[in-house]
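>>> coordinates only, no sequence provided:
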């Protein structure tokens with residue numbers, strides 16, 4: 001089974017930093033893109049940042065000056081460096097990936113279980 005496993009969430013004071021990582025594993029031929037979505041309490045899930053295997057980035061305006069996304073294709077891992085965190089960044093952060101499985105020609109989308117990021121004021 002393809003799995004996305006996140007790590008690095010936690011509690012931090014406003015202005016602090018956190019680093020998230022997510023590794024994809026399983027019967028994967030190639031990864032097209034990986035990234036992060038987030039969902040705050042009572043809100044819809046929204047894109048934070050995604051990156052393709054060739055480095056093209058789509059990042060939300062609300063975080064683009066504070067968050068940095070990167071990918072290590074050899075490790076099938078995506079990273080999110082979050083700085084100058086604000087209370088409004090508090091959310092569950094979900095890893096996302098668009099990839100090609102060994103047993104399917106079409107691209108498939110997968111989600112991690114999520115990691116909580118809490119920013120206190």
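Received, thanks. No experiment lies behind these values; they were computed from the predicted model shown.
>>> how about the nearest residue to the residue nearest in space to the middle of the chain, chain neighbours excluded?
Geometric centre of the chain, nearest residue: residue 36, 2.5 Å, by C-alpha atoms, centre = their mean. Of all residues not flanking residue 36 in the chain, residue 48 sits nearest, at 4.4 Å (C-beta to C-beta, 6 or more residues apart in numbering). Heads up, the C-betas are built off the backbone N, CA and C, glycines and all.
>>> surely the one you found meets residue 58?
No - assessed by C-beta atoms under 8 Å, residue 48 is found out of contact with residue 58, at 9.8 Å.
>>> still on that earlier bit, distance check, the residue nearest to residue 36 against residue 28.
23 Å (C-beta to C-beta, to the nearest Å).
>>> more crowded one of the two?
Using other C-beta atoms under 10 Å, the more surrounded residue of residue 48 and residue 28 is residue 48, with 25 against 17.
>>> which SS state does that one fall under?
Look at residue 48: counting by DSSP: H, G, I helix; E, B strand; the rest coil, its state is strand.
>>> which SSE is the residue of the chain positioned farthest from its centre in?
No residue in the chain sits farther from the centre than residue 103, which is 24.8 Å out by C-alpha atoms, centre = their mean. For residue 103, there is no host helix or strand (DSSP states H and E).
>>> now do it, the pLDDT please.
Model confidence at residue 103, given as pLDDT, is 89.
>>> that one is in contact with residue 27, isn't it?
Yes - if you go by C-beta under 8 Å, residue 103 and residue 27 touch, sitting 6.4 Å apart.
>>> all strands of the protein, in order?
Under the criterion DSSP state E, the chain contains strands at 3-7, 10-13, 18-25, 28-39, 46-52, 57-59, 67-72, 77-82, 91-101, 107-111, 115-120.
>>> in its sheet, what does the fifth one sit against?
According to DSSP bridges, strand 46-52 has the following sheet partners: strand 28-39 (antiparallel), strand 57-59 (antiparallel).
>>> need the ones you listed in CSV (columns: distance to residue 113 and mean pLDDT).
Output for the strands paired with strand 46-52, formatted as CSV (distance: least, C-beta to C-beta, whole Å; pLDDT from 0 to 100):
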stretch, distance to residue 113, mean pLDDT
strand 28-39, 12, 97
strand 57-59, 23, 98
